[in-house]
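Novice: Okay, here's the prediction I keep looking at, along with the sequence it came from:
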Amino acid sequence: MSEKQVKKIDVGLRQFIKDMGYITGGAALLGTMPWLQSFTPDKLNELKREKARIALIGTGSRGQYHIHSLLSMEHIKIVALCDIYPPNLEIAATLCPQAKKYTDYRKMLESPDIDGVVIATPLNWHAPMVLDALSAGKHVFCEKSMALTMEQCKAIYDTYQATDRVLYFCMQRMFDEKYIKGMQMIHTGMIGDVVGARCHWFRNHDWRRPVPSPELEKQINWRLYRESSGGLMTELASHQLEVCNWATKRIPQSVVGMGDIVYWKDGREVYDSVSLTYRYNSGVKITYESLISNKFDGMEDQILGNKGTMNLATGKYFLENDNTTGNSGIEQLLNQIGNKVFAAVPAAGSSWRPETKKEYKPHYIIEGDYHINDGLSMIGAVKDGSDEILSSFCQACITGDKGKDIVEEAYSATMLCLLGNQSMDEQRVIAFPEEYKIPYMHF
Ligand SMILES: NC(=O)c1ccc[n+]([C@@H]2O[C@H](COP(=O)([O-])OP(=O)(O)OC[C@H]3O[C@@H](n4cnc5c(N)ncnc54)[C@H](O)[C@@H]3O)[C@@H](O)[C@H]2O)c1
């Protein structure tokens, strides 16, 4: 690996935070996004020449992605790997031959030579592994979502309150430059009052993986079964609901949704089609939709304001006054009726101009092609914040700095996903339960 590649991950976000500091006042940025503290130039000096000793549990698809990222970081070394599935463990071992191999994560946690543990296992394993690793005195970075059940999430949150260990969940949008800057624009009023949010994630793929022998079906295709997965909500929506919470600085008070298996009727237990509405106390709503049998609309996180729309995932924003059609359709209709131009009724009138987003001129949250992502899935996308959040965690394994607000954001987003699933299962409106509210949440 070249010298240039080695420092790329850290330098990118560090430089960005520095630049943002010049533009807007670093203190203001860090005041609203305190988890970025680790990327300030001062913090970099604290690292000196130390290296965090990192172990991985779960060396499947996401675990291998993290290994590649870790290998490009300066301030870490990978000392141990754990997986119960030999083929994945072997691939990982090839990538880091110096690391000790384990098949029992509890055994691995007994090692005193590990500072931090990265967990990239199926969702049902998150809670036991996070809790065991914290109680073994390790710092922990766990993949999203937080856990499979609300009880587990609360147990993790309560344990975190009582520990001095670092705990991160991979809410990578919190470390994604375009989200950071877009949120700052929202919070300083660029799109006016937030009046709604629309998020969707559409793919056309069955989510299945080939299984070498039938008894491995549930282990390999864990995403499809309720004992190990919350389906589209915990796999995809958790990122997007976190974005809505971050934008509004509020948590929805209730949710109602419908979920179905519409297309992939292959024995799976989780929905392949979900539509939900989350409602804040103010009446502002998030509409959330995900479908994995049509990818036309891709993935978008839209925050809607009375003065504009921040389309964070695509790296663009649109201002209401830029709409090149002039008056909106409804204004045209009212004017026409007011002027008694009855011939130009909506259905027939050729002068009826469509109110679509195509009429808006895009502005770019950050200049530069690689920030633009027209609805494509973000997984594995360049600079989606995954490398940066992991790097921040590794740094925290050296400094001991707790990543502010990350656990709280992950907790809030995961709870909303699980409440969404409950609403779809029980086909009713669910209010956010009092027993799961935490002081961080504002409704
Ligand atoms: N943040 C993101 O954008 C993102 C992207 C992809 C996946 N993920 C998350 O990463 C996690 C893993 O997803 P994946 O796609 O890599 O799944 P995967 O099935 O490819 O990998 C999971 C690995 O965990 C191993 N494993 C299962 N139980 C284990 C145990 N008890 N001990 C040790 N190893 C065990 C499996 O053998 C497998 O190798 C999930 O929580 C998923 O939601 C997050």
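Specialist: In hand now; what should we look at? Numbers count the residues shown, from 1 in each chain.
Novice: How about the residue nearest the centre of the chain: what's its closest non-neighbour residue?
Specialist: Compute the mean C-alpha point of the chain, and by C-alpha atoms, centre = their mean the closest residue is residue 239, 2.6 Å away. Of all residues not flanking residue 239 in the chain, residue 173 sits nearest, at 5.8 Å (C-beta to C-beta, 6 or more residues apart in numbering). (Glycine included, C-beta is placed from N, CA and C.)
Novice: Now the one you found: phi and psi?
Specialist: For residue 173, the backbone dihedrals (degrees, to the nearest 10) come out as phi -60, psi -20.
Novice: and the residue nearest to the centre of the chain, how far is that from residue 385?
Specialist: 10 Å (C-beta to C-beta, to the nearest Å).
Novice: overlap in contacts of those two?
Specialist: 172-173 (C-beta atoms under 8 Å, 6 or more residues apart in numbering).
Novice: Residue 77: neighbouring residues, count only.
Specialist: Other residues near residue 77 come to 16 when the count uses other C-beta atoms under 10 Å.
Novice: Closest residue of the stretch 51-200 of the chain to the ligand?
Specialist: residue 60 (1.9 Å; C-beta to the nearest ligand atom).
Novice: continuing past the longest helix seen in the chain, what's the next helix or strand?
Specialist: Identified as the longest helix of the chain according to DSSP state H is helix 406-426. For helix 406-426, the following helix or strand on the C-terminal side (DSSP states H and E) is strand 430-431.
Novice: Now do that following strand: everything it contacts.
Specialist: By C-beta under 8 Å, 6+ apart, strand 430-431 touches 253-256, 419, 422-423.
Novice: Paired strands for that strand, with orientation please.
Specialist: strand 254-260 (antiparallel) (DSSP bridges).
Novice: Let me know the angle separating the strand it pairs with from helix 406-426.
Specialist: Between strand 254-260 and helix 406-426, the angle formed by their directions is 60 degrees, by axes from the mean of the first three to the mean of the last three C-alpha atoms, to 10 degrees.
Novice: which outside residues touch strand 254-260?
Specialist: 231, 271-279, 288, 416, 419-421, 423-425, 427-432.
Novice: State the mean pLDDT of the helix or strand that comes right after it.
Specialist: Next in sequence after strand 254-260, counting helices and strands by DSSP H and E, comes strand 273-279. Taken as a whole, strand 273-279 carries a mean pLDDT of 98.
Novice: Can you identify the element that follows strand 273-279 toward the C-terminus?
Specialist: strand 285-291.
Novice: Can you list the buried residues in stretch 101-117?
Specialist: For stretch 101-117, a neighbour-count test (16 or more other C-beta atoms under 10 Å) marks 101-102, 105, 108-109, 114-117 as buried.
Novice: I'd like the distance between the residue lying closest to residue 207 once chain neighbours are set aside and the ligand.
Specialist: For residue 207, ignoring the flanking residues on the chain, the nearest one in space by C-beta to C-beta, 6+ apart is residue 223 at 5.5 Å. Per C-beta to the nearest ligand atom, to the nearest Å, residue 223 is found 7 Å from the ligand.
Novice: To what extent is residue 223 buried, counted in neighbours?
Specialist: Counted with other C-beta under 10 Å, residue 223 comes out at 19.
Novice: Please apply the same query to the one 10 residues further on.
Specialist: One way to gauge burial is a neighbour count; for residue 233, by other C-beta under 10 Å, it gives 29.
Novice: Leaving out chain neighbours, which residue sits closest to it?
Specialist: Leaving out its chain neighbours, residue 233 is closest to residue 417 (C-beta to C-beta, 6+ apart), at 3.9 Å.
Novice: Return the residues in contact with that neighbour.
Specialist: Residue 417 neighbours (C-beta under 8 Å, 6+ apart): 145, 230, 233-234, 237-238, 241.
Novice: Rebuild these as CSV, extending it with distance to residue 367, pLDDT and secondary structure.
Specialist: Output for these, formatted as CSV (distance: C-beta to C-beta, whole Å; pLDDT from 0 to 100; DSSP: H, G, I helix; E, B strand; the rest coil):
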residue, distance to residue 367, pLDDT, secondary structure
145, 33, 98, coil
230, 37, 98, coil
233, 34, 98, helix
234, 34, 98, helix
237, 30, 98, helix
238, 29, 98, helix
241, 29, 98, helix
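Novice: Tell me which two in the residues you listed are the farthest apart.
Specialist: 230 and 241 (12.1 Å; C-beta to C-beta).
Novice: So for those two, which sits in the more crowded spot?
Specialist: residue 241 (31 against 24).
Novice: Am I right that that one is in contact with residue 276?
Specialist: No: taking contacts as C-beta atoms under 8 Å, residue 241 lies outside contact range of residue 276: 9.4 Å.
Novice: The residue of the stretch 51-200 of the chain closest to the ligand and residue 82 touch, don't they?
Specialist: No: at 11.7 Å, residue 60 does not count as touching residue 82 under the criterion of C-beta under 8 Å.
Novice: Those two: who's more crowded?
Specialist: residue 82 (27 against 20).
Novice: And for that one, nearest residue in space, chain neighbours not counted?
Specialist: residue 102 is the one closest to residue 82 (C-beta to C-beta, 6+ apart), at 4.1 Å.
Novice: helices and strands around the strand ranked longest in the chain, which ones?
Specialist: Criterion DSSP state E: the longest strand present in the chain is strand 194-202. Packing partners of strand 194-202 (3 or more C-beta pairs under 8 Å, 6 or more residues apart in numbering; DSSP states H and E): helix 238-248, strand 285-291, strand 299-305.
Novice: which regions of the protein sit below the pLDDT cut-off?
Specialist: 1-13, 16-27, 41, 44-45, 48, 323-358, 368-382 (pLDDT under 70).
Novice: How about the residues of the stretch 1-150 of the chain by the ligand?
Specialist: Residues of the stretch 1-150 of the chain lying near the ligand by C-beta under 6 Å from any ligand atom: 57-63, 82-85, 88, 105, 120-123, 125, 143-144.
Novice: can you check the stretch 151-300 of the chain too?
Specialist: Counting by C-beta under 6 Å from any ligand atom, the stretch 151-300 of the chain sits next to the ligand at 170, 172, 235.
Novice: and which of these is nearest to residue 440?
Specialist: Of those, the one sitting nearest to residue 440 (C-beta to C-beta) turns out to be residue 170, at 18.6 Å.
Novice: My guess is the closest one contacts residue 144. True?
Specialist: Yes: the pair residue 170 and residue 144 passes the contact test of C-beta under 8 Å, sitting 5.1 Å apart.
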